[in-house]
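Q: Let me see the structure of the following:
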Amino acid sequence: MAPATVRKAPYKDFLQPALHRRFTTTASILLGIAYLQSISIGSWNSLFWTWFPIGPAGIRALFIFLCVLLVIILRIAQYHVGLRTSESAFQTFTQHALKMQTAEALVAYVPSALLFSLIYRWSLPEDSGLELITSLTADRARLNEHTVFFTTHFVILGVVQALVHLFRDNDRLSLGVAKAQNAGAEDPASQWKRFWDQIPAIVIATLNQSLAGIVISVVVYPLLLRASIWRGLVFFLRPVFNLPRSNTVPASLPFSWRSLGRCWLASYMLLFMWITGNAAFSIFLVREPLKNGKPLTSESKDPNGSLLNGLKSKKLHIKCFAMWELAFIARDYEVRRKAIYEDIDRKDGPMWSQVYAICIETLKAMETRIDWGHGKPPPPDPAASAKAAPPVEEKKRTMPPLKDEPIFDKTPVKKNYLDKAEEAYRKTLAPGQGSQVSPLAKKAVNTAKDGLVKIQKEVTGSDDTQALLKSLCLRVLKSPVGWPWRKEYNRRLNTVVLGTPYGEPSLYINAIYALAQLAVHSLKEDKYGNVQRDVASIIKTLTTITKKLEKFKTSLETHWTDVEAKRESPEVDQILEALRDALSQLIQEFGPYARDLKLTLSDMRLAREAAGIPNP
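A: Residues are numbered from 1 along each chain as shown. Below you'll find the predicted structure:
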C-alpha cells in the first residue's frame with residue numbers, strides 16, 4: 001500500500017496568522033489611547049461615569065478607535081516590503097499617483113477625520129460655540145460658520161495626511177536580517193523599548209503637523225472653499241431648519257480664536273492617534289519569522305516543503321519573510337539545518353540543492369541587472385526564440401518580383417509646409433543663388449548673435465550658448481521646487497541593484513547569510529557531504545558579485561541634475577558588508593580544504609581581495 005501523501009501547507013498559512021497576532025498589539029495600544037482621549041473630552045459631571053468603561057466613556061472610546069481603525073485597515077491592505085525604486089521623485093510620482101492605492105488612502109483618512117470631528121463636537125457642552133445652527137430669535141435660525149470651518153478643517157486635514165502617508169511611503173515594512181555575528185532573536189521587550197523611544201518624536205511630529213494643518217485651513221478655506229461650501233450647505237439645510245433665503249457669505253471671519261483653539265486640540269488628538277498607530281504597526285508587525293522561539297514553519301507537517309513554498313513565491317513579501325526564516329535556521333537552529341542536509345528524497349531534488357539554487361538565482365538576478373545596467377532586461381536567447389516561434393509557411397507570389405535595374409524618376413517630390421519653411425529659412429540665413437535679401441539678413445543675424453554672446457559672457461563668463469540655459473536649470477534644481485527632478489546617485493544605484501518597482505535589501509542579505517551559514521555548519525552536520533560539492537561555486541559567485549557591485553558603485557557617474565552629488569547608498573553598503581562577511585567566514589573555514597574543493601590559488605586570492613583580507 002502506497003504511503004499517504006503529506007499535504008505541503010503554503011507558507012502564507014503560517015505567515016498570515018503570525019501577522020494577525022502581531023496586529024493585536026497595535027490594536028490594543030490604540031484602544032488604550034482612544035479610551036484616555038474619551039475620558040479627556042467627556043463631561044466631568046459625574047466622577048464615576050466619566051471613566052466607567054460600560055457607559056458613555058466606553059462608547060465614545062469605541063467610536064474614536066473606529067476612526068483610527070480605518071487607517072490601520074488601510075495599512076493591512078496596502079503593506080509592502082521594499083523601497084520604491086526609481087531614478088527621481090517625479091518618476092516615483094508618475095508610477096504610483098494614479099494607482100488605486102492613492103484613492104484608498106483618501107477614502108481611509110478623510111472619513112476617519114470627519115467621523116472624529118463629529119465625535120468631538122458631540123462631546124462638547126452646549127455653550128461651546130460649535131453647534132451647527134444658532135438661533136437669532138425664536139423664529140429665525142442661522143448657520144454657524146465656525147462649525148462649518150471646524151468640519152472643513154478636518155476634511156482638509158484628512159486629505160493632507162493621506163498625501164503625507166503616500167509621500168513618505170508609510171505602507172512599507174522594513175524587514176530585518178539574521179547577521180552571523182548576532183545570535184538570538186529580538187525579544188518583545190526590545191520592541192517595546194523601540195516603541196517607547198519613538199514617543200518623543202511622535203509628540204513633536206504631531207505638534208508640527210497639527211499647527212501646519214491649522215495654517216493650511218486658515219488660508220485655503222477663505223480663499224478657495226468658503227463661498228461654495230456656504231451656499232451649498234445653506235441650500236440643503238434651508239428646508240430642514242428654515243434658514244433665511246439669502247445665500248450671501250457672512251462678512252465676519254469664519255473662525256474665532258476660541259474655535260481655532262478647539263480645532264488645534266482636536267487635530268492634535270487625531271494626529272497623535274494616526275502617527276502612533278502607523279509607528280506601532282511598522283514596529284510590531286516586523287518581528288522575526290518565529291513563533292514560540294521556533295521558525296514559523298516548525299508546526300507544519302512538512303516544514304521543509306512549506307519553507308520551499310515561501311522561497312519560491314512570486315509575492316515579494318512572502319519570499320522575503322521566507323528568506324529571513326531560512327537565514328535564522330542557518331544560524332541558530334541545528335535540528336532544522338540537519339533536516340535540510342538530510343532531506344534528499346524530495347520530488348524536485350534534495351532540499352539543499354533547491355535552497356542553493358534559489359539563493360544563487362536571487363543573487364544572480366542582482367548581478368544580471370548590474371551587467372545590463374539601469375534595469376534593462378537581457379536580450380532574449382536566439383535559440384529559445386527560434387524554438388518557440390512557429391514555422392512560417394512560404395506564401396506563393398501573386399505578382400512578379402521588383403525589377404533590379406535602376407529607375408530614374410524625375411518627378412518632383414511634393415514638400416509639406418515644414419520642408420518649405422525650413423528651405424526658406426536656410427535661404428534667408430545663407431547668401432547665394434541670386435537671393436537679394438541674404439546679405440542684409442545675414443548681417444542682422446550675425447549682429448543679433450554677437451549681442452547674445454556678449455550677454456551670455458557677462459552672465460556666465462563663457463561663450464557657450466547653452467551655458468545660460470544650463471545655469472537656469474541648475475538654479476531651479478538647487479531650490480526645493482526642483483527636488484523632484486533630481487536624479488540622485490542613491491536612487492539610480494538602488495534602481496539597478498535592487499530592481500523595480502520595489503527593491504528589498506534584506507532579501508539579498510539574508511540569502512547571502514543563509515548560504516554562508518549552511519555551508520559553514522555543513523562541516524560538522526552534513527553527514528552525506530552534499531554541501532561540499534557547491535562550496536567552490538558559492539565562493540566564486542560571491543566573489544564575482546562583490547567585485548561587480550564595488551566596481552559599479554564606483555563607476556556610476558553622478559547625473560548632472562544631482563546638484564548635491566552625495567555618493568552614498570546605505571542599502572548597497574549593507575549588501576557589500578554581508579558579501580564580505582560571508583566570504584570571510586567561508587575563507588576561514590574552507591581555506592585549508594581549497595585544493596580538495598578544486599579552488600585554485602587565483603580563486604582564493606580573488607576571494608580574499610573581495611573580502612578585504614590581505615593575502616598571505
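
Q: Which strands or helices does the helix or strand containing residue 605 pack on?
A: Applying DSSP states H and E as the criterion places residue 605 in helix 601-611. For helix 601-611, the elements it packs on are helix 532-555, helix 570-590, judged by 3 or more C-beta pairs under 8 Å, 6 or more residues apart in numbering; DSSP states H and E. All C-beta spots, glycine's among them, are computed from the backbone N, C-alpha and C.

Q: Name the residues of it that are buried.
A: Residues of helix 601-611 classed as buried by neighbour count (16 or more other C-beta atoms under 10 Å): 603, 604, 606, 607, 608, 610, 611.

Q: As TSV, the helices and strands packed on helix 601-611 with distance to residue 226 would be great.
A: Below are the helices and strands packed on helix 601-611 laid out as TSV (distance: least, C-beta to C-beta, whole Å):
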stretch	distance to residue 226
helix 532-555	54
helix 570-590	47
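
Q: what would these look like in JSON lines with mean neighbour count?
A: Formatted as JSON lines, these follow (neighbours: other C-beta atoms under 10 Å):
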{"stretch": "helix 532-555", "mean neighbour count": "18"}
{"stretch": "helix 570-590", "mean neighbour count": "19"}
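
Q: For those, give me JSON lines that also has mean pLDDT and distance to residue 334.
A: Below are these laid out as JSON lines (pLDDT from 0 to 100; distance: least, C-beta to C-beta, whole Å):
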{"stretch": "helix 532-555", "mean pLDDT": "95", "distance to residue 334": "18"}
{"stretch": "helix 570-590", "mean pLDDT": "95", "distance to residue 334": "17"}
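
Q: so where's the chain uncertain?
A: By pLDDT under 70, the low-scoring segments of the chain are 1-8, 136-139, 182-186, 373-438, 440-442, 445, 448-449, 451-468.

Q: Domain parsing of it, as residue ranges.
A: Domain assignment of the chain by automatic domain parsing yields the ranges 12-284, 299-375+487-611, 421-465.

Q: looking at these, which is buried most?
A: domain 299-375+487-611 (a mean of 19; mean count of other C-beta atoms under 10 Å).

Q: Between its first and last residues, what's the separation in that domain?
A: One end of domain 299-375+487-611 to the other measures 38 Å (C-alpha to C-alpha, to the nearest Å).

Q: Give me the distance between it and the centre of its chain.
A: 23 Å (C-alpha atoms, centre = their mean, to the nearest Å).

Q: do the same with stretch 287-296
A: Worked out by C-alpha atoms, centre = their mean, stretch 287-296 lies 26 Å from the chain centre.

Q: Buried residues of it, list them for me.
A: Within stretch 287-296, the residues scored as buried using 16+ other C-beta under 10 Å are 287, 288, 289, 290, 291, 294, 295, 296.

Q: which stretch of helix or strand covers residue 281?
A: Per DSSP H and E: helix 257-284 holds residue 281.

Q: Just name whatever secondary elements that helix is in contact with.
A: Applying 3+ C-beta pairs under 8 Å, 6+ apart, we find helix 257-284 packed against helix 12-41, helix 56-78, helix 100-123, helix 145-167, helix 188-197, helix 199-220.

Q: Just to check, residue 544 is in contact with residue 368?
A: No: using C-beta atoms under 8 Å as the test, residue 544 is too far from residue 368 to be in contact (11.8 Å).

Q: Just want the most central residue of the chain.
A: residue 84 (3.6 Å; C-alpha atoms, centre = their mean).

Q: Confirm for me that it is in contact with residue 501.
A: Yes: the pair formed by residue 84 and residue 501 meets the contact definition of C-beta under 8 Å, at 6.6 Å.

Q: Find residues that contact each of those two.
A: Common contact partners of residue 84 and residue 501 (C-beta atoms under 8 Å, 6 or more residues apart in numbering): residue 95.

Q: ok, and what's touching stretch 296-315?
A: 6-15, 18, 289-291, 295, 318-319, 321-323, 325-326, 329, 336, 339-340, 343, 346, 351, 354-355, 358.

Q: Of the buried residues of helix 601-611, just say which sits nearest to residue 64.
A: Residue 64 has its nearest neighbour among the buried residues of helix 601-611 in residue 611, at 55.2 Å by C-beta to C-beta.

Q: OK, contacts around the closest one?
A: By C-beta under 8 Å, 6+ apart, the neighbours of residue 611 are 546, 580, 583, 584, 587.

Q: how much space between it and residue 180?
A: According to C-beta to C-beta, to the nearest Å, residue 611 and residue 180 sit 13 Å apart.

Q: again, but for residue 542
A: Plainly put, residue 542 is 14 Å away from residue 180 if you go by C-beta to C-beta.

Q: what touches both of these two?
A: By C-beta under 8 Å, 6+ apart, the residues touching both residue 542 and residue 180 are 516, 582.

Q: that older thread, give me the subset of the contacts of stretch 296-315 that lies in helices.
A: 12-15, 18, 318-319, 321-323, 325-326, 329, 336, 339-340, 351, 354-355, 358 (DSSP state H).

Q: contacting residues for residue 90?
A: Residue 90 makes contact with 484, 485, according to C-beta under 8 Å, 6+ apart.

Q: which SSE is it in?
A: helix 89-96.

Q: Just the CA trace of that helix, in CSV.
A: Coordinates of each C-alpha in helix 89-96 appear next as CSV, following Å, rounded to 0.1, in the frame of the first residue of the first chain:
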residue,chain,number,x,y,z
ALA,A,89,11.0,61.5,-7.1
PHE,A,90,9.0,62.7,-10.1
GLN,A,91,9.3,59.3,-11.7
THR,A,92,8.0,57.7,-8.5
PHE,A,93,5.1,60.1,-8.5
THR,A,94,4.2,59.2,-12.1
GLN,A,95,4.4,55.5,-11.3
HIS,A,96,2.2,55.5,-8.2
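
Q: relative to helix 145-167, how tilted is it?
A: In terms of direction (axes from the mean of the first three to the mean of the last three C-alpha atoms, to 10 degrees), helix 89-96 departs from helix 145-167 by 100 degrees.

Q: What ranges does the stretch 301-450 of the chain have for its helices?
A: 303-311, 316-332, 334-342, 351-372, 382-388, 417-429, 438-460 (DSSP state H, counting those that start in this stretch).

Q: surely residue 154 meets residue 116?
A: Yes: contact criterion C-beta under 8 Å: residue 154 and residue 116 qualify, at 6.7 Å.

Q: before we move on, the earlier item: now the helices and strands packed on helix 257-284 as a markdown table including distance to residue 132?
A: Formatted as a markdown table, these follow (distance: least, C-beta to C-beta, whole Å):
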| stretch | distance to residue 132 |
| --- | --- |
| helix 12-41 | 18 |
| helix 56-78 | 19 |
| helix 100-123 | 8 |
| helix 145-167 | 5 |
| helix 188-197 | 39 |
| helix 199-220 | 18 |
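
Q: What is the burial count for residue 483?
A: Neighbour count of residue 483, defined by other C-beta atoms under 10 Å: 16.

Q: Look up the closest residue to it, ignoring the ones flanking it.
A: Leaving aside its sequence neighbours, residue 483 sits nearest to residue 89 (C-beta to C-beta, 6 or more residues apart in numbering; 6.5 Å).

Q: Tell me if I'm right that that neighbour and residue 487 touch.
A: No: look at residue 89 against residue 487 with C-beta under 8 Å: they stay out of range, at 9.6 Å.

Q: Could you pull up the contacting residues of residue 173?
A: 79, 80, 81, 282, 285, 286, 317.

Q: In these, find the pair that's most separated.
A: Of all pairs drawn from the contacts of residue 173, the one with the longest distance (C-beta to C-beta) is 282 and 317, at 13.7 Å.

Q: Checking the residue nearest to residue 140 when sequence neighbours are not counted next. Helix, strand or coil?
A: Take residue 140 and drop its neighbours on the chain: the residue closest to it by C-beta to C-beta, 6+ apart is residue 244, 7.2 Å away. Following DSSP: H, G, I helix; E, B strand; the rest coil, we place residue 244 in the coil state.
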